[in-house]
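1. Got a predicted structure here, sequence first:
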Amino acid sequence: MLSPPKPDGIDRERQRGPSVTENATPPRLEIRNLIARYEGRVVVDDVSLTVRAGQVTCLLGPSGCGKSTTLRMIAGVEMQESGEIYVDGKLICDTVFRVPPERREIGLMFQDFALFPHLSVADNVAFGLKGHRDEKRARVEALLRKVDLMRFVDDYPHHLSGGEQQRVALARALAPRPRIMLMDEPFSGLDNRLRDGIRDETLAILKEEDAAVVLVTHEPEEAMRMADEIALMRRGKVVQQGAPYNVFTRPADKAAVAFFSDINVLSSKVNGALAETPFGQFLAPGVPDNTDVEIVFRPQHVRLDFDRNGKGPLPTPTDGVAARGVVERARFLGNESLVEFRMDHDGSILRATVPNVFVPSPGRVMWLTIRRDRCFVFPV
Ligand SMILES: Nc1ncnc2c1ncn2[C@@H]1O[C@H](COP(=O)(O)OP(=O)(O)OP(=O)(O)O)[C@@H](O)[C@H]1O
């Protein structure tokens, strides 16, 4: 069993002043213990984050969990009830002191952050730029080359495709060299086929520009693809924070597993730090006797074996005991196949995914085992 990690930064002691140790550079952005409330209801609940220059942190979570409100407080268009925001170690906002949004050197890119229709592509990108005309033109052209749109420099936005407009919006947001980029679902208006390419290009440009990026998304794949760090939010709180690999492989709770993929769940009770199931025993270290637990695992970590004269594979320490199931339904999904089994022991449905094409007929008997190093045991 993998024990749930202690989410970094959640239980940190409240203290004033940015997170700097002697001789260390302060993070580009630090938000500390932010709380926001609408109509008496707390919608952002003690959220703390640090983002370094050149790093992308994704606020990931379901609709309404407080991602956009957190972003709006960083942008300065919404005021927190309590908590502080620091940029490069300097306080820019607490409940008394507040640097106005236009002086925060923050770039914004939102899904519906439309381009100005009456301005050319070049003028859109130049919009927030100050300085000499030639300097501005040089920056605009450099950015349009970066997003590969120099050929549209004098065109109007409506001549461009959705993906191209999005790249102009990126260039416009980056033009004044913001220290921080805030992006709220910036790719969700785009065609699926365009999205992956634009995400990758955007990421490369953001890294080159060295801004600290906070990207809001409700799509786990987007967060996995873009983030150096994911802050998983639920009901206003950051429930887990870490590198995508850690958040995916060491989820804090059942909902964190379920947010990234389909899940299977077995119920059991602990006895002697072991949870007994039809798939054999699972380790539950430190869990007191008689505690109800759920054993959670992803369909991709179910192993399938063919039936051999009414028998399945022999038990192993890594896969436990095989349990018998009958195929209820199987579908090919493109990159993998999803097979649903009705289990003999309790009639429940269990899902397995198999790479490539595997579409057994309903009624076929198979034996299922679960990789012990890929399951999570959570007290209920
Ligand atoms: N101006 C407002 N007045 C009242 N309630 C608000 C306001 N803005 C947001 N809320 C509420 O605060 C909660 C958090 O909203 P927020 O937009 O931050 O969530 P989100 O995670 O970004 O969701 P989504 O992905 O749907 O935008 C929601 O329940 C929302 O209804």
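-> Nice, I can see it.
2. Contact partners for residue 81?
-> 35, 36, 37, 95 (Cβ atoms under 8 Å, 6 or more residues apart in numbering). (C-beta placed from N, C-alpha, C; glycine too.)
3. Which of those residues sits closest to residue 315?
-> residue 35 (50.9 Å; Cβ to Cβ).
4. possible to save the contacts of residue 81 as TSV with pLDDT and distance to the ligand?
-> Listed next are the contacts of residue 81 as TSV, based on pLDDT from 0 to 100; distance: Cβ to the nearest ligand atom, whole Å:
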residue	pLDDT	distance to the ligand
35	97	13
36	97	8
37	96	9
95	89	19
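5. List the neighbouring strands of the helix or strand containing residue 265 plus their orientation.
-> In the assignment (DSSP states H and E), residue 265 maps to strand 264-271. Note on strand 264-271: by DSSP bridges, its sheet partners are strand 274-277 (antiparallel), strand 292-297 (antiparallel).
6. In that strand, which residues are buried?
-> For strand 264-271, a neighbour-count test (16 or more other Cβ atoms under 10 Å) marks 264, 266, 268, 270 as buried.
7. Of the contacts of residue 81, which pair is most distant in space?
-> Among the contacts of residue 81, 37 and 95 lie farthest apart (Cβ to Cβ), at 12.5 Å.
8. So between those two, which is more surrounded?
-> A side-by-side neighbour count of residue 37 and residue 95, using other Cβ atoms under 10 Å, places residue 37 first with 15 against 12.
9. can you list the domains in this protein?
-> 29-105+178-259, 261-379 (automatic domain parsing).
10. Return the most buried member of these.
-> Stretch with highest mean neighbour count among the domains of the chain: domain 29-105+178-259 (a mean of 19; mean count of other Cβ atoms under 10 Å).
11. and the stretch 151-300 of the chain, which residues reach the ligand?
-> For the stretch 151-300 of the chain, the residues in contact with the ligand (Cβ under 6 Å from any ligand atom) are residue 218.
12. Now do the helices in the stretch 151-300 of the chain.
-> In the stretch 151-300 of the chain, the segments counted as helices under DSSP state H, counting those that start in this stretch are 162-174, 192-209, 220-226, 244-249, 254-260.
13. Going by mean pLDDT, which of those comes out lowest?
-> Looking at these, the lowest mean pLDDT belongs to helix 192-209 (a mean of 83).
14. Residue 303: what's its closest spatial neighbour, skipping adjacent residues?
-> residue 369 (4.6 Å; Cβ to Cβ, 6 or more residues apart in numbering).
15. Check the one you found and give its pLDDT.
-> So, for residue 369, pLDDT stands at 97.
16. pretty sure it contacts residue 277?
-> No: at 11.6 Å, residue 369 does not count as touching residue 277 under the criterion of Cβ atoms under 8 Å.
17. Check the residue nearest to residue 360 when sequence neighbours are not counted and give its pLDDT.
-> Once flanking residues are discounted, residue 360 sits nearest to residue 327: 4.9 Å by Cβ to Cβ, 6+ apart. Looking at residue 327, its pLDDT reads 98.
18. cool, the one 10 residues further on as well?
-> Note on residue 337: pLDDT of 97.
19. and the helix or strand of the chain with the lowest mean pLDDT, what other elements does it pack with?
-> Within the chain, no helix or strand scores below helix 192-209, which has a mean of 83 by mean pLDDT, DSSP states H and E. Packing contacts for helix 192-209, counted by 3 or more Cβ pairs under 8 Å, 6 or more residues apart in numbering; DSSP states H and E, involve helix 162-174, helix 220-226.
20. I'd like to know which of these is closest to residue 146.
-> Of those, nearest to residue 146 by Cβ to Cβ is helix 162-174, at 7.1 Å.
21. Give the other helices and strands that that closest one contacts.
-> Helix 162-174 packs on strand 106-110, helix 121-126, helix 133-146, helix 192-209, going by 3+ Cβ pairs under 8 Å, 6+ apart.
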